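# Sequence and predicted model, in that order:
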Amino acid sequence: MNDANGADAIGGSARDAIYREIILEEYKHPRNKGLLAGATHVAKARNSTCGDELSVQLLIKDGRVQDVKFEGVGCAVSQAAASLFTEHIKGKPVREVERMDEKTIVSLFGFAPNPARMKCAVLVMRAAADALDAKTDAKTDAKTDAKTDAKTDAKTDAKTDRE
Amino acid sequence: MADKRYLIDIRKEFPLLVARPGLVYLDNAATTQKPAAVLDTERAFYEEADANIHRGIYALSEEASDRYERAREKVARFLNAPSAENIVFTAGATDSINLVAHSWGLANLERGDEILLTPLEHHANIVPWQQVAKQTGAKVVFCGLKEDFTLDVDDLKRRITPKTGLLAITQVSNVLGIATPLSEIIPYAKQRGVTVLVDGAQGAPHLKTDVQALGCDFYAFSGHKMLAPTGIGVLYVAEQHRSMQPYRTGGDMIEDVTEQGAEFAPLAPRRLEAGTPHIAGAVGLGAAIDYLESIGMDAIHQHEAALLKKAWHALSRIPDVTLLGPAPENDPLFSSRSAVVSFTVEGIHPHDVAQLLDDEGVCIRVGKHCAHPLHARMKVAATNRASFYLYNTEQDIDALVAALRHAIEVFR
(Lines give C-alpha, C1' and ligand atoms only; values in the text may rest on other atoms or scores of the structure.)
Protein backbone atom coordinates (compact mmCIF):
# COMPACT_ATOMS: atom_id res chain seq x y z
CA MET A 1 0.00 0.00 0.00
CA ASN A 2 2.95 2.31 0.56
CA ASP A 3 4.73 1.67 -2.68
CA ALA A 4 6.87 4.59 -3.78
CA ASN A 5 5.14 4.39 -7.12
CA GLY A 6 1.79 4.72 -5.41
CA ALA A 7 0.07 1.39 -5.01
CA ASP A 8 -3.26 3.07 -5.49
CA ALA A 9 -2.20 4.23 -8.92
CA ILE A 10 -1.19 0.74 -10.03
CA GLY A 11 -3.99 -1.76 -10.05
CA GLY A 12 -3.53 -5.14 -8.41
CA SER A 13 -3.61 -6.89 -11.75
CA ALA A 14 -0.74 -4.80 -13.13
CA ARG A 15 1.48 -5.74 -10.24
CA ASP A 16 0.47 -9.38 -10.49
CA ALA A 17 1.58 -9.26 -14.10
CA ILE A 18 5.00 -8.14 -12.92
CA TYR A 19 5.08 -11.06 -10.55
CA ARG A 20 4.07 -13.43 -13.27
CA GLU A 21 6.32 -12.33 -16.06
CA ILE A 22 9.60 -11.29 -14.54
CA ILE A 23 9.98 -12.56 -11.05
CA LEU A 24 8.17 -15.85 -11.29
CA GLU A 25 10.05 -16.98 -14.38
CA GLU A 26 13.40 -16.31 -12.74
CA TYR A 27 12.20 -17.78 -9.43
CA LYS A 28 10.99 -21.01 -10.99
CA HIS A 29 13.93 -21.40 -13.36
CA PRO A 30 16.84 -19.61 -11.70
CA ARG A 31 20.05 -19.22 -13.64
CA ASN A 32 23.44 -19.71 -12.01
CA LYS A 33 22.07 -21.53 -9.00
CA GLY A 34 24.41 -24.03 -7.39
CA LEU A 35 27.97 -24.30 -6.15
CA LEU A 36 30.85 -22.97 -8.20
CA ALA A 37 33.89 -25.22 -8.08
CA GLY A 38 37.08 -23.18 -7.92
CA ALA A 39 35.46 -19.97 -6.70
CA THR A 40 37.96 -17.35 -5.64
CA HIS A 41 35.56 -15.05 -3.78
CA VAL A 42 32.75 -16.27 -1.53
CA ALA A 43 30.38 -14.49 0.85
CA LYS A 44 26.99 -14.84 2.44
CA ALA A 45 24.33 -12.22 3.15
CA ARG A 46 21.32 -12.56 5.36
CA ASN A 47 18.08 -10.66 5.76
CA SER A 48 17.39 -11.27 9.43
CA THR A 49 13.78 -10.10 9.46
CA CYS A 50 12.64 -12.76 6.99
CA GLY A 51 15.37 -15.36 7.34
CA ASP A 52 16.47 -15.13 3.69
CA GLU A 53 20.04 -16.17 3.14
CA LEU A 54 22.13 -16.14 -0.01
CA SER A 55 25.70 -17.11 -0.71
CA VAL A 56 27.48 -15.89 -3.81
CA GLN A 57 30.57 -17.53 -5.26
CA LEU A 58 32.66 -15.75 -7.84
CA LEU A 59 35.54 -16.82 -10.01
CA ILE A 60 37.61 -13.72 -10.60
CA LYS A 61 40.40 -13.80 -13.16
CA ASP A 62 42.21 -10.88 -14.76
CA GLY A 63 39.94 -8.42 -12.98
CA ARG A 64 36.81 -9.91 -14.49
CA VAL A 65 33.96 -12.06 -13.26
CA GLN A 66 34.69 -15.25 -15.19
CA ASP A 67 31.87 -17.16 -13.55
CA VAL A 68 29.40 -16.75 -10.69
CA LYS A 69 26.85 -18.89 -8.90
CA PHE A 70 24.52 -18.45 -5.94
CA GLU A 71 22.96 -20.68 -3.35
CA GLY A 72 20.32 -20.10 -0.74
CA VAL A 73 16.70 -19.89 0.21
CA GLY A 74 14.35 -16.93 0.06
CA CYS A 75 11.35 -15.26 -1.43
CA ALA A 76 10.66 -14.93 -5.14
CA VAL A 77 12.09 -11.41 -5.20
CA SER A 78 15.47 -12.32 -3.66
CA GLN A 79 15.78 -15.47 -5.76
CA ALA A 80 14.80 -13.72 -8.98
CA ALA A 81 17.22 -10.89 -8.23
CA ALA A 82 20.00 -13.41 -7.62
CA SER A 83 19.29 -15.06 -10.95
CA LEU A 84 19.15 -11.79 -12.89
CA PHE A 85 22.11 -10.18 -11.13
CA THR A 86 24.51 -13.11 -11.45
CA GLU A 87 23.65 -13.36 -15.14
CA HIS A 88 24.17 -9.61 -15.50
CA ILE A 89 27.65 -9.49 -13.93
CA LYS A 90 29.07 -12.52 -15.68
CA GLY A 91 32.00 -11.42 -17.83
CA LYS A 92 31.98 -7.87 -16.48
CA PRO A 93 35.04 -6.17 -14.96
CA VAL A 94 35.11 -6.29 -11.14
CA ARG A 95 35.42 -2.51 -10.97
CA GLU A 96 32.15 -2.17 -12.83
CA VAL A 97 30.42 -4.67 -10.54
CA GLU A 98 31.66 -2.78 -7.50
CA ARG A 99 29.97 0.38 -8.73
CA MET A 100 26.55 -1.26 -9.08
CA ASP A 101 23.75 -0.27 -6.70
CA GLU A 102 19.99 -0.39 -6.24
CA LYS A 103 19.53 1.18 -9.66
CA THR A 104 21.12 -1.87 -11.26
CA ILE A 105 18.49 -4.09 -9.66
CA VAL A 106 15.68 -1.74 -10.65
CA SER A 107 16.80 -1.77 -14.27
CA LEU A 108 17.11 -5.57 -14.26
CA PHE A 109 13.60 -5.91 -12.83
CA GLY A 110 12.17 -3.17 -14.98
CA PHE A 111 10.40 -1.70 -11.94
CA ALA A 112 11.24 -0.56 -8.42
CA PRO A 113 10.17 -2.95 -5.67
CA ASN A 114 8.68 -1.20 -2.66
CA PRO A 115 11.18 -0.32 0.12
CA ALA A 116 10.53 -3.47 2.14
CA ARG A 117 11.06 -5.72 -0.86
CA MET A 118 14.11 -3.76 -1.99
CA LYS A 119 15.96 -5.37 0.93
CA CYS A 120 15.16 -8.76 -0.59
CA ALA A 121 16.14 -7.60 -4.06
CA VAL A 122 19.59 -6.30 -3.08
CA LEU A 123 20.54 -9.31 -0.95
CA VAL A 124 22.48 -10.88 -3.81
CA MET A 125 24.33 -7.64 -4.46
CA ARG A 126 25.27 -7.33 -0.78
CA ALA A 127 26.67 -10.85 -0.81
CA ALA A 128 28.62 -10.17 -4.03
CA ALA A 129 30.02 -6.91 -2.64
CA ASP A 130 31.13 -8.67 0.55
CA ALA A 131 32.75 -11.42 -1.48
CA LEU A 132 34.67 -8.89 -3.56
CA ASP A 133 35.66 -6.94 -0.44
CA ALA A 134 36.98 -10.05 1.26
CA LYS A 135 39.61 -10.41 -1.49
CA THR A 136 40.00 -14.11 -0.80
CA ASP A 137 42.56 -14.83 -3.47
CA ALA A 138 43.63 -18.34 -2.66
CA LYS A 139 41.25 -20.95 -3.95
CA THR A 140 41.76 -23.20 -0.97
CA ASP A 141 40.88 -20.42 1.43
CA ALA A 142 37.60 -19.78 -0.27
CA LYS A 143 36.69 -23.43 -0.11
CA THR A 144 37.65 -23.80 3.52
CA ASP A 145 35.76 -20.69 4.49
CA ALA A 146 32.62 -21.81 2.74
CA LYS A 147 32.83 -25.17 4.42
CA THR A 148 33.47 -23.75 7.86
CA ASP A 149 30.62 -21.30 7.49
CA ALA A 150 28.22 -24.02 6.53
CA LYS A 151 29.25 -26.13 9.48
CA THR A 152 29.01 -23.35 12.04
CA ASP A 153 25.62 -22.31 10.74
CA ALA A 154 24.30 -25.83 10.88
CA LYS A 155 25.50 -26.11 14.44
CA THR A 156 24.01 -22.80 15.47
CA ASP A 157 20.67 -23.67 13.93
CA ALA A 158 20.56 -27.05 15.61
CA LYS A 159 21.36 -25.45 18.92
CA THR A 160 18.65 -22.85 18.54
CA ASP A 161 16.11 -25.55 17.73
CA ARG A 162 16.96 -27.57 20.80
CA GLU A 163 16.95 -24.78 23.32
CA MET B 1 -26.81 -6.60 20.29
CA ALA B 2 -23.11 -5.98 20.24
CA ASP B 3 -22.77 -7.88 16.97
CA LYS B 4 -24.84 -5.37 15.09
CA ARG B 5 -22.67 -2.54 16.31
CA TYR B 6 -19.53 -4.35 15.24
CA LEU B 7 -20.64 -5.18 11.77
CA ILE B 8 -22.48 -2.04 10.86
CA ASP B 9 -21.49 0.92 12.99
CA ILE B 10 -18.05 0.41 14.46
CA ARG B 11 -15.98 0.87 11.32
CA LYS B 12 -17.53 4.31 10.87
CA GLU B 13 -15.92 5.34 14.13
CA PHE B 14 -12.39 4.75 12.80
CA PRO B 15 -11.32 7.59 10.49
CA LEU B 16 -8.63 5.54 8.76
CA LEU B 17 -11.05 2.72 7.96
CA VAL B 18 -13.51 5.27 6.60
CA ALA B 19 -10.83 6.93 4.46
CA ARG B 20 -9.77 3.56 3.02
CA PRO B 21 -12.98 1.64 2.46
CA GLY B 22 -11.32 -1.24 0.60
CA LEU B 23 -8.72 -1.83 3.27
CA VAL B 24 -8.69 -5.19 5.03
CA TYR B 25 -6.52 -4.48 8.05
CA LEU B 26 -5.39 -7.73 9.64
CA ASP B 27 -2.27 -6.67 11.51
CA ASN B 28 -3.84 -5.84 14.83
CA ALA B 29 -1.30 -7.82 16.84
CA ALA B 30 1.25 -5.25 15.60
CA THR B 31 -0.86 -2.16 16.15
CA THR B 32 -4.51 -1.17 16.03
CA GLN B 33 -6.38 1.66 14.33
CA LYS B 34 -7.62 4.50 16.51
CA PRO B 35 -11.26 5.51 16.89
CA ALA B 36 -12.28 9.16 16.57
CA ALA B 37 -13.11 9.15 20.30
CA VAL B 38 -9.44 8.58 21.13
CA LEU B 39 -8.09 11.01 18.54
CA ASP B 40 -10.57 13.69 19.65
CA THR B 41 -9.73 13.23 23.32
CA GLU B 42 -6.01 13.50 22.67
CA ARG B 43 -6.53 16.60 20.54
CA ALA B 44 -8.86 18.11 23.14
CA PHE B 45 -6.15 17.74 25.75
CA TYR B 46 -3.80 19.90 23.69
CA GLU B 47 -6.54 22.37 22.83
CA GLU B 48 -8.08 22.68 26.28
CA ALA B 49 -5.71 21.61 29.01
CA ASP B 50 -2.12 21.54 27.78
CA ALA B 51 0.35 22.30 30.57
CA ASN B 52 2.96 20.30 32.42
CA ILE B 53 1.68 18.14 35.23
CA HIS B 54 2.35 18.07 38.99
CA ARG B 55 4.13 21.42 38.86
CA GLY B 56 2.03 24.47 38.17
CA ILE B 57 0.04 26.20 40.84
CA TYR B 58 -2.11 27.66 38.10
CA ALA B 59 -5.44 26.11 37.19
CA LEU B 60 -4.40 24.98 33.71
CA SER B 61 -1.63 22.79 35.13
CA GLU B 62 -4.07 21.38 37.65
CA GLU B 63 -6.46 20.55 34.82
CA ALA B 64 -3.66 18.75 32.92
CA SER B 65 -2.63 16.83 36.05
CA ASP B 66 -6.23 15.93 36.68
CA ARG B 67 -6.77 14.50 33.19
CA TYR B 68 -3.52 12.54 33.45
CA GLU B 69 -4.40 11.11 36.86
CA ARG B 70 -7.96 10.28 35.78
CA ALA B 71 -6.44 8.19 32.99
CA ARG B 72 -4.37 6.36 35.59
CA GLU B 73 -7.53 5.63 37.57
CA LYS B 74 -9.20 4.26 34.44
CA VAL B 75 -6.26 1.93 33.83
CA ALA B 76 -6.40 0.76 37.45
CA ARG B 77 -10.11 -0.05 37.12
CA PHE B 78 -9.52 -1.69 33.72
CA LEU B 79 -6.98 -4.09 35.25
CA ASN B 80 -8.71 -4.30 38.63
CA ALA B 81 -5.54 -3.06 40.32
CA PRO B 82 -5.93 -2.21 44.02
CA SER B 83 -5.41 1.47 43.28
CA ALA B 84 -4.13 3.99 40.76
CA GLU B 85 -0.92 4.03 42.81
CA ASN B 86 -0.09 0.63 41.34
CA ILE B 87 -0.14 1.98 37.78
CA VAL B 88 3.02 3.38 36.20
CA PHE B 89 2.82 5.00 32.79
CA THR B 90 5.60 3.99 30.42
CA ALA B 91 6.31 4.27 26.70
CA GLY B 92 4.88 0.80 26.00
CA ALA B 93 5.17 -2.86 26.98
CA THR B 94 8.83 -2.99 25.93
CA ASP B 95 9.58 0.00 28.12
CA SER B 96 7.60 -1.52 31.01
CA ILE B 97 9.59 -4.76 30.85
CA ASN B 98 12.87 -2.87 30.59
CA LEU B 99 11.82 -0.91 33.67
CA VAL B 100 11.33 -4.11 35.67
CA ALA B 101 14.53 -5.63 34.28
CA HIS B 102 16.57 -2.66 35.42
CA SER B 103 14.71 -1.63 38.58
CA TRP B 104 13.83 -5.00 40.02
CA GLY B 105 16.09 -7.35 38.06
CA LEU B 106 19.45 -5.73 38.63
CA ALA B 107 18.71 -5.29 42.35
CA ASN B 108 17.27 -8.74 43.03
CA LEU B 109 18.98 -11.22 40.75
CA GLU B 110 22.51 -12.52 41.19
CA ARG B 111 24.88 -15.23 40.03
CA GLY B 112 23.28 -18.64 40.43
CA ASP B 113 19.73 -17.32 40.03
CA GLU B 114 17.58 -18.37 37.12
CA ILE B 115 15.20 -16.31 35.00
CA LEU B 116 12.53 -18.62 33.62
CA LEU B 117 10.99 -17.76 30.24
CA THR B 118 8.73 -19.54 27.80
CA PRO B 119 9.50 -20.04 24.09
CA LEU B 120 6.26 -18.16 23.33
CA GLU B 121 7.77 -14.84 24.38
CA HIS B 122 8.13 -11.81 22.14
CA HIS B 123 11.69 -10.46 21.99
CA ALA B 124 10.55 -7.68 24.35
CA ASN B 125 10.26 -10.32 27.09
CA ILE B 126 13.49 -12.13 26.20
CA VAL B 127 16.19 -9.63 25.32
CA PRO B 128 15.94 -7.44 28.48
CA TRP B 129 16.35 -10.60 30.58
CA GLN B 130 19.35 -11.72 28.58
CA GLN B 131 20.89 -8.34 29.33
CA VAL B 132 20.09 -8.65 33.04
CA ALA B 133 21.63 -12.13 33.01
CA LYS B 134 24.80 -10.74 31.44
CA GLN B 135 25.07 -8.05 34.08
CA THR B 136 24.17 -10.11 37.15
CA GLY B 137 25.48 -13.56 36.27
CA ALA B 138 21.97 -14.99 36.50
CA LYS B 139 20.98 -17.56 33.88
CA VAL B 140 18.08 -17.44 31.41
CA VAL B 141 16.20 -20.74 31.22
CA PHE B 142 13.43 -21.66 28.78
CA CYS B 143 10.72 -24.22 29.45
CA GLY B 144 9.41 -26.51 26.73
CA LEU B 145 6.45 -26.56 24.36
CA LYS B 146 4.16 -29.42 23.45
CA GLU B 147 3.90 -30.70 19.89
CA ASP B 148 1.07 -28.30 19.10
CA PHE B 149 3.29 -25.40 20.35
CA THR B 150 1.20 -24.82 23.46
CA LEU B 151 3.05 -24.43 26.72
CA ASP B 152 4.31 -27.60 28.41
CA VAL B 153 3.05 -26.65 31.86
CA ASP B 154 4.53 -29.73 33.56
CA ASP B 155 7.94 -28.86 32.16
CA LEU B 156 7.55 -25.25 33.26
CA LYS B 157 6.70 -26.38 36.80
CA ARG B 158 9.68 -28.75 36.85
CA ARG B 159 11.94 -25.86 35.97
CA ILE B 160 10.76 -23.80 38.93
CA THR B 161 13.41 -24.56 41.54
CA PRO B 162 14.89 -22.72 44.53
CA LYS B 163 17.21 -21.06 42.00
CA THR B 164 14.32 -19.45 40.10
CA GLY B 165 14.19 -15.75 40.84
CA LEU B 166 11.77 -14.65 38.17
CA LEU B 167 9.19 -16.07 35.81
CA ALA B 168 8.50 -13.76 32.85
CA ILE B 169 5.61 -15.10 30.82
CA THR B 170 3.30 -13.89 28.11
CA GLN B 171 -0.45 -13.90 28.62
CA VAL B 172 -1.11 -14.56 24.91
CA SER B 173 1.36 -15.47 22.14
CA ASN B 174 1.78 -12.70 19.60
CA VAL B 175 2.42 -15.31 16.89
CA LEU B 176 -0.16 -18.00 17.62
CA GLY B 177 -2.76 -16.12 19.67
CA ILE B 178 -2.80 -18.99 22.16
CA ALA B 179 -3.07 -18.24 25.88
CA THR B 180 -0.93 -19.50 28.72
CA PRO B 181 -2.69 -21.00 31.77
CA LEU B 182 -1.72 -18.16 34.09
CA SER B 183 -4.28 -19.04 36.74
CA GLU B 184 -2.54 -22.37 37.19
CA ILE B 185 1.04 -21.21 36.78
CA ILE B 186 1.17 -18.02 38.81
CA PRO B 187 -0.05 -19.46 42.15
CA TYR B 188 2.38 -22.37 41.69
CA ALA B 189 5.27 -19.96 41.14
CA LYS B 190 4.24 -17.54 43.90
CA GLN B 191 3.99 -20.37 46.46
CA ARG B 192 7.64 -21.10 45.69
CA GLY B 193 8.72 -17.51 46.18
CA VAL B 194 9.14 -16.70 42.49
CA THR B 195 8.47 -13.16 41.29
CA VAL B 196 6.18 -13.16 38.24
CA LEU B 197 6.01 -10.68 35.37
CA VAL B 198 3.21 -11.05 32.83
CA ASP B 199 3.58 -9.61 29.34
CA GLY B 200 0.01 -8.56 28.64
CA ALA B 201 0.65 -6.79 25.33
CA GLN B 202 -1.51 -9.33 23.47
CA GLY B 203 -3.81 -9.98 26.42
CA ALA B 204 -5.08 -6.66 27.78
CA PRO B 205 -6.53 -5.51 24.42
CA HIS B 206 -8.60 -8.67 24.01
CA LEU B 207 -9.39 -10.18 27.40
CA LYS B 208 -10.90 -8.94 30.60
CA THR B 209 -7.85 -8.92 32.84
CA ASP B 210 -7.75 -8.87 36.63
CA VAL B 211 -4.22 -8.44 37.97
CA GLN B 212 -5.27 -9.16 41.55
CA ALA B 213 -6.92 -12.42 40.56
CA LEU B 214 -3.82 -13.32 38.52
CA GLY B 215 -1.61 -12.55 41.50
CA CYS B 216 1.34 -11.43 39.40
CA ASP B 217 3.97 -8.97 40.62
CA PHE B 218 4.17 -7.04 37.36
CA TYR B 219 1.88 -6.74 34.35
CA ALA B 220 2.93 -4.85 31.20
CA PHE B 221 0.98 -3.71 28.15
CA SER B 222 1.02 -1.14 25.32
CA GLY B 223 -1.66 1.41 24.52
CA HIS B 224 -1.34 1.27 20.74
CA LYS B 225 -2.42 -2.36 20.55
CA MET B 226 -5.75 -1.39 22.14
CA LEU B 227 -6.86 1.67 20.15
CA ALA B 228 -4.70 4.20 22.05
CA PRO B 229 -1.84 6.30 20.64
CA THR B 230 1.67 4.94 20.22
CA GLY B 231 4.25 5.82 22.85
CA ILE B 232 2.08 5.16 25.89
CA GLY B 233 2.10 1.96 27.92
CA VAL B 234 1.49 0.67 31.38
CA LEU B 235 3.28 -1.24 34.08
CA TYR B 236 1.19 -2.58 36.93
CA VAL B 237 3.38 -2.81 40.04
CA ALA B 238 2.14 -4.91 42.94
CA GLU B 239 2.14 -3.13 46.31
CA GLN B 240 5.32 -4.75 47.66
CA HIS B 241 7.37 -3.49 44.72
CA ARG B 242 6.29 0.14 44.74
CA SER B 243 9.53 1.14 46.46
CA MET B 244 11.87 -0.59 43.99
CA GLN B 245 14.89 1.28 42.69
CA PRO B 246 14.05 3.76 39.92
CA TYR B 247 15.16 2.90 36.40
CA ARG B 248 15.25 6.50 35.23
CA THR B 249 16.01 9.44 37.45
CA GLY B 250 15.49 13.17 37.03
CA GLY B 251 12.66 15.59 37.45
CA ASP B 252 9.31 14.84 39.07
CA MET B 253 10.49 11.63 40.76
CA ILE B 254 12.41 13.32 43.59
CA GLU B 255 11.68 14.61 47.07
CA ASP B 256 14.74 16.80 47.25
CA VAL B 257 17.97 17.38 45.38
CA THR B 258 21.13 18.97 46.73
CA GLU B 259 24.54 19.35 45.17
CA GLN B 260 25.52 16.25 47.12
CA GLY B 261 22.72 13.94 46.06
CA ALA B 262 19.01 13.31 45.73
CA GLU B 263 16.21 11.82 47.72
CA PHE B 264 13.73 9.98 45.52
CA ALA B 265 9.98 9.94 45.91
CA PRO B 266 9.46 6.87 48.11
CA LEU B 267 6.84 5.03 46.08
CA ALA B 268 5.54 4.29 42.59
CA PRO B 269 4.12 5.73 40.48
CA ARG B 270 6.01 8.98 41.10
CA ARG B 271 9.23 7.20 41.97
CA LEU B 272 9.23 5.45 38.60
CA GLU B 273 8.05 8.25 36.29
CA ALA B 274 10.98 10.60 35.71
CA GLY B 275 10.60 13.60 33.43
CA THR B 276 7.53 14.82 31.58
CA PRO B 277 5.51 11.77 30.58
CA HIS B 278 3.40 11.31 27.43
CA ILE B 279 0.49 13.16 29.05
CA ALA B 280 -1.72 13.36 25.97
CA GLY B 281 -1.00 9.70 25.23
CA ALA B 282 -2.11 8.68 28.71
CA VAL B 283 -5.28 10.74 28.29
CA GLY B 284 -5.80 9.00 24.92
CA LEU B 285 -5.34 5.62 26.58
CA GLY B 286 -8.03 6.57 29.07
CA ALA B 287 -10.35 7.33 26.16
CA ALA B 288 -9.49 4.00 24.53
CA ILE B 289 -10.41 2.20 27.73
CA ASP B 290 -13.71 4.10 27.86
CA TYR B 291 -14.36 3.09 24.25
CA LEU B 292 -13.55 -0.59 24.81
CA GLU B 293 -15.65 -0.68 27.97
CA SER B 294 -18.58 1.00 26.22
CA ILE B 295 -18.69 -2.09 24.01
CA GLY B 296 -17.61 -4.50 26.71
CA MET B 297 -14.49 -6.65 26.84
CA ASP B 298 -16.61 -9.80 26.93
CA ALA B 299 -18.50 -8.79 23.80
CA ILE B 300 -15.21 -7.97 22.06
CA HIS B 301 -13.80 -11.31 23.03
CA GLN B 302 -16.88 -13.17 21.79
CA HIS B 303 -16.69 -11.34 18.49
CA GLU B 304 -13.00 -12.25 18.15
CA ALA B 305 -13.66 -15.88 19.06
CA ALA B 306 -16.25 -16.13 16.28
CA LEU B 307 -13.84 -14.54 13.78
CA LEU B 308 -11.03 -16.85 14.86
CA LYS B 309 -13.13 -19.97 14.38
CA LYS B 310 -14.30 -18.82 10.98
CA ALA B 311 -10.82 -17.80 9.85
CA TRP B 312 -9.28 -21.03 11.09
CA HIS B 313 -11.78 -23.21 9.29
CA ALA B 314 -11.78 -21.16 6.10
CA LEU B 315 -7.97 -21.26 5.89
CA SER B 316 -7.77 -24.94 6.79
CA ARG B 317 -9.84 -25.71 3.69
CA ILE B 318 -7.10 -24.32 1.43
CA PRO B 319 -4.94 -27.34 0.57
CA ASP B 320 -1.59 -25.49 0.44
CA VAL B 321 -2.08 -23.73 3.77
CA THR B 322 -0.67 -25.09 7.03
CA LEU B 323 -1.99 -23.45 10.20
CA LEU B 324 0.23 -23.37 13.27
CA GLY B 325 -0.94 -24.14 16.78
CA PRO B 326 -3.92 -26.15 18.01
CA ALA B 327 -7.25 -25.96 16.17
CA PRO B 328 -9.82 -23.97 18.18
CA GLU B 329 -11.74 -27.15 19.05
CA ASN B 330 -8.55 -28.77 20.40
CA ASP B 331 -7.50 -25.80 22.52
CA PRO B 332 -8.52 -26.13 26.18
CA LEU B 333 -7.62 -22.46 26.64
CA PHE B 334 -9.70 -21.29 23.69
CA SER B 335 -11.75 -19.04 25.97
CA SER B 336 -8.61 -16.93 26.54
CA ARG B 337 -7.28 -17.10 22.99
CA SER B 338 -6.85 -14.04 20.77
CA ALA B 339 -7.98 -13.90 17.15
CA VAL B 340 -4.56 -14.48 15.60
CA VAL B 341 -3.80 -17.08 12.94
CA SER B 342 -0.32 -17.90 11.73
CA PHE B 343 0.24 -20.10 8.72
CA THR B 344 2.61 -21.10 5.99
CA VAL B 345 1.74 -21.58 2.33
CA GLU B 346 3.39 -24.48 0.55
CA GLY B 347 5.91 -23.25 -2.00
CA ILE B 348 5.37 -19.51 -1.41
CA HIS B 349 7.63 -17.44 0.78
CA PRO B 350 5.68 -15.30 3.28
CA HIS B 351 7.06 -12.09 1.72
CA ASP B 352 5.54 -13.04 -1.59
CA VAL B 353 2.26 -13.93 0.10
CA ALA B 354 2.13 -10.57 1.89
CA GLN B 355 2.89 -8.62 -1.25
CA LEU B 356 0.25 -10.38 -3.32
CA LEU B 357 -2.26 -9.90 -0.49
CA ASP B 358 -1.35 -6.22 -0.26
CA ASP B 359 -2.18 -5.87 -3.96
CA GLU B 360 -5.71 -6.89 -2.94
CA GLY B 361 -5.77 -4.45 -0.03
CA VAL B 362 -5.25 -7.15 2.60
CA CYS B 363 -2.65 -6.22 5.25
CA ILE B 364 -1.03 -9.12 7.06
CA ARG B 365 2.29 -9.38 8.84
CA VAL B 366 4.95 -11.79 7.66
CA GLY B 367 8.32 -12.77 9.04
CA LYS B 368 9.25 -13.93 12.50
CA HIS B 369 7.11 -11.39 14.39
CA CYS B 370 9.85 -10.54 16.90
CA ALA B 371 9.75 -14.13 18.09
CA HIS B 372 12.84 -15.79 16.60
CA PRO B 373 13.14 -18.44 19.32
CA LEU B 374 9.54 -19.58 18.76
CA HIS B 375 10.12 -19.85 15.01
CA ALA B 376 13.25 -21.90 15.65
CA ARG B 377 11.19 -24.27 17.81
CA MET B 378 8.46 -24.49 15.18
CA LYS B 379 11.20 -25.12 12.59
CA VAL B 380 9.84 -22.58 10.14
CA ALA B 381 11.89 -19.70 8.74
CA ALA B 382 8.96 -17.30 8.67
CA THR B 383 5.18 -17.28 8.92
CA ASN B 384 2.18 -15.33 7.66
CA ARG B 385 0.05 -13.84 10.43
CA ALA B 386 -3.47 -12.43 10.28
CA SER B 387 -4.70 -10.83 13.49
CA PHE B 388 -8.18 -9.47 14.12
CA TYR B 389 -9.83 -6.93 16.37
CA LEU B 390 -13.26 -5.58 17.16
CA TYR B 391 -13.71 -3.74 13.83
CA ASN B 392 -12.91 -6.75 11.66
CA THR B 393 -15.76 -8.55 9.97
CA GLU B 394 -16.53 -11.87 8.34
CA GLN B 395 -16.09 -10.10 5.00
CA ASP B 396 -12.48 -9.42 5.98
CA ILE B 397 -11.95 -13.16 6.31
CA ASP B 398 -13.59 -13.74 2.92
CA ALA B 399 -11.22 -11.15 1.43
CA LEU B 400 -8.22 -12.82 3.09
CA VAL B 401 -9.20 -16.23 1.77
CA ALA B 402 -9.88 -14.94 -1.74
CA ALA B 403 -6.57 -13.05 -1.85
CA LEU B 404 -4.74 -16.12 -0.60
CA ARG B 405 -6.30 -18.36 -3.23
CA HIS B 406 -5.34 -15.80 -5.83
CA ALA B 407 -1.71 -15.72 -4.57
CA ILE B 408 -1.52 -19.50 -4.76
CA GLU B 409 -2.91 -19.32 -8.28
CA VAL B 410 -0.24 -16.78 -9.32
CA PHE B 411 2.53 -19.05 -8.07
CA ARG B 412 1.10 -22.25 -9.49
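Okay, I see it. Quantities reported herein were computed from a predicted structural model and do not represent experimental measurements. Numbers count the residues shown, from 1 in each chain, chains lettered A, B, ... in the order given.
# The stretch 1-150 of chain B against chain A: which residues are in contact?
B:23, B:142 (CB under 8 Å from any CB of the partner chain). Backbone N, C-alpha and C define where each C-beta goes, glycine included.
# Which residue does the stretch 1-150 of chain B have closest to chain A?
Relative to chain A, the nearest point of the stretch 1-150 of chain B is B:F142 (6.1 Å; CB to the nearest CB).
# Provide the secondary structure category for B:V175.
Judged by DSSP: H, G, I helix; E, B strand; the rest coil, the three-state class of B:V175 is coil.
# nope, B:K34 is what I meant
Once three-state DSSP is applied, B:K34 turns out coil.
# isn't it right next to B:P229, touching?
Yes - B:K34 is within contact range of B:P229, at 6.9 Å (criterion: CB atoms under 8 Å).
# Mind listing the shared neighbours of those two?
B:G284 (CB atoms under 8 Å, 6 or more residues apart in numbering or on different chains).
# re earlier: quick check: bridge partners of the residue of the stretch 1-150 of chain B closest to chain A?
Beta-bridge pairing for B:F142 (DSSP bridges): B:L117.
# Run a quick check on it versus B:P373, I expect a contact.
Yes - using CB under 8 Å, B:F142 is in contact with B:P373, at 7.2 Å.
# got the domain boundaries for chain B?
Following automatic domain parsing, chain B resolves into domains at B:2-30+B:296-411, B:39-292.
# What's the end-to-end length of the last one?
Taking CA to CA, to the nearest Å, the first and last residues of domain B:39-292 lie 14 Å apart.
# quick check: mean pLDDT across that domain?
For domain B:39-292, mean pLDDT is 97.
# Could I get the full set of strands for the stretch 201-350 of chain B?
Secondary structure of the stretch 201-350 of chain B by DSSP state E, counting those that start in this stretch: the strands cover B:218-222, B:233-237, B:254-257, B:262-264, B:321-323, B:340-345.
# Please read the previous query as pertaining to chain A.
Here chain A has its strands, by DSSP state E, at A:41-47, A:52-61, A:64-73.
# what's the angle from the shortest one to strand A:52-61?
Spelled out, that is strand A:41-47. Using axes from the mean of the first three to the mean of the last three CA atoms, to 10 degrees, one finds that strand A:41-47 and strand A:52-61 are set 160 degrees apart in direction.
# ok, back up a step: please produce CSV containing the strands of the stretch 201-350 of chain B, extended by mean neighbour count and distance to A:C120.
Converted to CSV, the strands of the stretch 201-350 of chain B look like this (neighbours: other CB atoms under 10 Å in any protein chain shown; distance: least, CB to CB, whole Å):
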stretch, mean neighbour count, distance to A:C120
strand B:218-222, 28, 29
strand B:233-237, 29, 32
strand B:254-257, 12, 50
strand B:262-264, 13, 49
strand B:321-323, 18, 22
strand B:340-345, 25, 17
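# give me the residue from the stretch 201-350 of chain B nearest chain A.
Using CB to the nearest CB, the single residue of the stretch 201-350 of chain B nearest to chain A is B:H349, 3.5 Å away.
# show me the contacts for the nearest residue to that residue once chain neighbours are set aside.
Of all residues not flanking B:H349 in the chain, A:C75 sits nearest, at 3.5 Å (CB to CB, 6 or more residues apart in numbering or on different chains). A:C75 makes contacts with A:50, A:52, A:120, B:349-352, as judged by CB under 8 Å, 6+ apart.
# One more: B:S61?
B:S61 touches B:51-53, B:55, counting by CB under 8 Å, 6+ apart.
# The same query, at a cut-off of 6 Å, please.
Contact analysis of B:S61 by CB atoms under 6 Å, 6 or more residues apart in numbering or on different chains lists B:A51.
# That one is in what secondary structure piece?
helix B:59-79 (DSSP states H and E).
# now the domains of chain B as TSV including distance to A:A131?
Formatted as TSV, the domains of chain B follow (distance: least, CB to CB, whole Å):
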stretch	distance to A:A131
domain B:2-30+B:296-411	23
domain B:39-292	31
